[in-house]
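Colleague: Show me how the following folds:
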Amino acid sequence: MTYRVFIVDDHPMVIEGIRSLLSDEKEIEWAGHAMSLATCRAFLQRQVPDVILMDISLPDGNGIELCGEVRRRYPSVFVIGLSTFSQQSFIHKIMEEGASGYLLKNATEEELLEAIREVVKGKIYLSEEASQVMKKDRIPGVVLTRREQEVLELIAEGLTNVEMAHRLFVSAATIDTHRKNLLTKLDAKNTAILVRKAVQLELIRF
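Modeller: Residues are numbered from 1 along each chain as shown. Now for the predicted structure:
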């Protein structure tokens, strides 16, 4: 399968460097690039790539907000945050906006390819450095019961309440209660954020 990759970054050297890294990969099709929010929006009105590598700092706005906009308007597009910033707050914010991964601009070719391959499978990818940073962002006092842990893992697999109920031999109402408890414990406003936080906190692994 071929994946169409688009980059949003205002540094020509970064764009050319990544394009060069990906140029020999048969599974990657270079869709193009944008150097601002405006040009990215214009491109997406014409065609939709599979993956967008999204810089956080752009000349006409915020890549984090653009990530959220892209995910709402084009839910089939996977966004990977791309930045020189390894601060916890930047990683956390773009993941909250729906990004499926986060890479630093000094990422190796292997990291870049692994990130693309993982996110198109619906998985979360954090570069090694980003992963280490996020480990420090643990929510104190998060303790899950055995059943909540089981439900969390099944949610991550994409099962519905009814499917989980059949798997665990309980009622769908019981599953719904566990789901609500998990959302509260991890301070997540929806299931997508719940799974992302659970991955970040290493409560589940893919």
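Colleague: what bits of the chain have low per-residue confidence?
Modeller: Residue ranges of the chain with pLDDT under 70: 134-141, 205-206.
Colleague: For it, which segments count as strands?
Modeller: 3-8, 28-34, 51-55, 57-58, 61-62, 78-83, 101-104, 125-126 (DSSP state E).
Colleague: domains of the protein?
Modeller: 3-135, 146-200 (automatic domain parsing).
Colleague: can you redo those as JSON lines with mean neighbour count?
Modeller: Every C-beta, even on glycine, is put in place using the N, C-alpha and C of the backbone. Formatted as JSON lines, the domains of the chain follow (neighbours: other CB atoms under 10 Å):
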{"stretch": "domain 3-135", "mean neighbour count": "18"}
{"stretch": "domain 146-200", "mean neighbour count": "16"}
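Colleague: Now Leu194: closest residue in space, sequence neighbours ignored.
Modeller: Using CB to CB, 6 or more residues apart in numbering and skipping the chain neighbours, the partner closest in space to Leu194 is Ala188 (3.9 Å).
Colleague: Which residues are in contact with the one you found?
Modeller: 182, 194, 197 (CB atoms under 8 Å, 6 or more residues apart in numbering).
Colleague: was I right about the first one contacting Glu150?
Modeller: When you say that, I think you mean Leu182. No. Using CB atoms under 8 Å, Leu182 and Glu150 do not qualify as a contacting pair, with a distance of 10.9 Å.
Colleague: C-alpha coordinates for stretch 33-51, CSV please?
Modeller: In CSV, the C-alpha atoms belonging to stretch 33-51 read as follows (Å, rounded to 0.1, in the frame of the first residue of the first chain):
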residue,chain,number,x,y,z
HIS,A,33,4.1,20.8,1.1
ALA,A,34,2.7,24.0,2.6
MET,A,35,4.5,26.8,4.4
SER,A,36,1.5,28.3,6.1
LEU,A,37,-1.9,27.6,7.5
ALA,A,38,-3.5,29.3,4.5
THR,A,39,-1.7,27.2,1.8
CYS,A,40,-2.4,24.0,3.8
ARG,A,41,-6.1,24.8,3.8
ALA,A,42,-6.1,25.6,0.1
PHE,A,43,-4.3,22.3,-0.6
LEU,A,44,-6.8,20.2,1.4
GLN,A,45,-9.7,21.7,-0.6
ARG,A,46,-8.2,20.1,-3.7
GLN,A,47,-6.9,16.8,-2.3
VAL,A,48,-6.5,14.9,0.9
PRO,A,49,-3.3,13.1,1.9
ASP,A,50,-3.0,10.1,4.2
VAL,A,51,-0.5,11.7,6.6
